[in-house]
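> Give me the fold of what follows.
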Amino acid sequence: MESPKKVDKDKLEYLQARGPKQIVYADCENTLDEEWAQKLGVDLDNVVILRPMSQTAEQIFEMLLQMIETDQVGLVVIDSLAVMLSQQAYEKDMTERTYGGISMALTLFSKKAEMLCARHDCTIIGINQLRENLNSPYGGTITPGGRAWRHACSVRLEFRKGSFIDDKGTELRRSAETPAGNLVQVHIAKTKVCKPDRRTGFYTLNYDYGIDAVADLVDTAILYGLIRQAGAWFTFVDGDTGEVIMTEEEKPLQIQGRANVIDYLKANKAFWDKLGGWVQREIMGA
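Residues are numbered from 1 along each chain as shown. From the prediction side, this is the model:
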């Protein structure tokens with residue numbers, strides 16, 4: 001049996017020789033804002049954008065399966081499953097009832113996609129919606145498309161809108177008229193790739209530049225003890241020694257106010273990178 005290190009080395013050499021694969025974005029809702037995507041750093045020249053205008057769910061799924069089978073696609077994003085129209089519903093008029101929605105098509109797609117993705121090293125991200133569960137007397141939410149898709153997914157994340165924030169990251173009331181962004185609550189509903197602790201986390205979304213990586217790094221560093229918070233004061237800890245970092249004046253590196261901590265990291269890129277490395281090591285070792 002080959003050692004894991006040799007297997008990893010062979011796979012890395014294979015990936016380097018093959019080069020990057022294509023990204024396919026199925027914009028089923030026709031709502032992709034290309035200007036905003038470019039502002040977030042998306043290289044649209046290397047993304048194949050599909051905008052189905054009259055194709056049914058079955059036709060879209062078949063098209064995506066054929067693209068994956070070429071071995072040239074590494075990531076497929078479907079936005080979104082909930083708006084897709086089944087062939088059955090497409091052929092009927094508004095007065096006729098249909099049953100099942102896209103459940104049958106999505107079930108077949110899930111089974112075929114699992115095999116193809118494993119064979120061709122492809123990942124599928126399916127964006128769905130949460131709907132009220134009207135069939136349950138206890139309420140709750142469900143996702144359209146049946147159960148087969150949920151069973152096939154390796155990871156299922158639920159995103160919910162959290163508190164509004166200002167440009168400094170301070171939480172605002174829900175009645176705020178001009179927020180700079182909002183927190184996004186993330187719940188791990190299912191995972192096959194990491195510890196299934198079902199924890200709920202969050203990230204910071206700014207309406208001008210997207211995810212606030214610096215603010216999220218500060219929150220994660222506090223979680224792992226790399227930044228100690230005492231009231232409004234924040235103290236930095238060396239990730240290698242576990243001791244408080246000292247300044248040139250031999251004083252603890254302390255900053256008052258979370259907004260000032262964020263400004264300090266933005267102004268000190270080298271220390272930001274070092275802190276990020278410590279956080280990544282803690283996450284991988286957790």
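> Check which helix or strand the residue most central in space within the chain maps to.
The residue lying closest to the centre of the chain (CA atoms, centre = their mean) is Leu157, at 8.0 Å. In this assignment (DSSP states H and E), Leu157 forms part of strand 155-165.
> Counting by contacts, list what that strand packs against.
Packing partners of strand 155-165 (3 or more CB pairs under 8 Å, 6 or more residues apart in numbering; DSSP states H and E): strand 181-191. Just so you know, the C-beta spots here come from the backbone N, C-alpha and C atoms, and that holds for glycine as well.
> The strand it packs on vs strand 155-165, what angle?
Here the directions of strand 181-191 and strand 155-165 differ by 160 degrees (axes from the mean of the first three to the mean of the last three CA atoms, to 10 degrees).
> What pairs with strand 181-191, parallel or antiparallel?
strand 155-165 (antiparallel), strand 200-206 (antiparallel) (DSSP bridges).
> my guess is Ser80 meets Ile127, correct?
Yes - assessed by CB atoms under 8 Å, Ser80 is found in contact with Ile127 at 4.2 Å.
> Have a look at those two and say which one is more surrounded.
Per other CB atoms under 10 Å, whichever of Ser80 and Ile127 has more neighbours is Ser80, with 18 against 15.
> show me the contacts for the more buried one.
Cys28, Glu29, Gly126, Ile127, Asn128, Gln129 (CB atoms under 8 Å, 6 or more residues apart in numbering).
> Repeat the analysis, applying 10 Å as the threshold.
Ala26, Asp27, Cys28, Glu29, Thr31, Gly126, Ile127, Asn128, Gln129, Pro144, Gly145 (CB atoms under 10 Å, 6 or more residues apart in numbering).
> Whichever of those residues end up buried, select them in PyMOL.
Selection of buried members from those for PyMOL, criterion 16 or more other CB atoms under 10 Å:
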select buried, resi 26+27+28+126+128+144+145
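> okay but Gly231 is in contact with Gln256, surely?
Yes - with contact defined as CB atoms under 10 Å, Gly231 reaches Gln256; the gap is 8.9 Å.
> Switch the strands paired with strand 181-191 over to CSV; also include distance to Leu226 and mean pLDDT.
Listed next are those as CSV, based on distance: least, CB to CB, whole Å; pLDDT from 0 to 100:
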stretch, distance to Leu226, mean pLDDT
strand 155-165, 22, 94
strand 200-206, 17, 87
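> pLDDT of stretch 10-25, averaged?
The average pLDDT within stretch 10-25 is 83.
> residue ranges with poor pLDDT in the stretch 101-250 of the chain?
Flagging of the stretch 101-250 of the chain using pLDDT under 70 yields the residue ranges 197-199.
> in it, which spans are helices?
Along the stretch 101-250 of the chain, counting by DSSP state H, counting those that start in this stretch, helices occupy 103-120, 148-152, 213-223.
> okay, the ones you listed, which one's buried deepest?
Stretch with highest mean neighbour count among those: helix 213-223 (a mean of 19; mean count of other CB atoms under 10 Å).
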